[in-house]
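Asks: Everything below, folded, please.
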Amino acid sequence: MSNVFSKRPWLWVIIAFLVLIGSWLVLFKLALGNRPQSYDPRKGETYPEGVVPGSGHPAAQMEKAAADAAEHGGSAAEVETKEEAQ
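Replies: Numbers count the residues shown, from 1 in each chain. This next block holds a predicted model:
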């Protein structure tokens, strides 16, 4: 068996790429299976468990952007764009 690999060293490269592709597939499968909980404050959803209002968590930041948008009339994306322009 080792005689096959010593005569054809390019097979090691093929095996290495197959291992690399296989590990990426496993990584993506694990990441998709353990996705964080989605949250949309515009639909009136409550915070995901463990999120503190006013914290740096993305869900809390989305809540602030939605509140600012409601206050100023417009969408959260428009309010963020206006703040960046200033």
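
Asks: low pLDDT regions in the protein?
Replies: Applying pLDDT under 70 to the chain flags the ranges 1-2, 39-42, 44-65, 73-86.

Asks: Using the record, which stretches count as separate domains in it?
Replies: 1-35, 41-86 (automatic domain parsing).

Asks: Could you list every helix and strand in contact with the longest helix anywhere in the chain?
Replies: Taking DSSP state H as the criterion, the chain has its longest helix at helix 10-33. Judged by 3 or more C-beta pairs under 8 Å, 6 or more residues apart in numbering; DSSP states H and E, helix 10-33 is in contact with helix 2-7. Yep, even glycine has a C-beta here, placed from its N, CA and C like the rest.

Asks: Okay, buried residues for the helix it packs on please.
Replies: Residues of helix 2-7 classed as buried: none (neighbour count, 16 or more other C-beta atoms under 10 Å).
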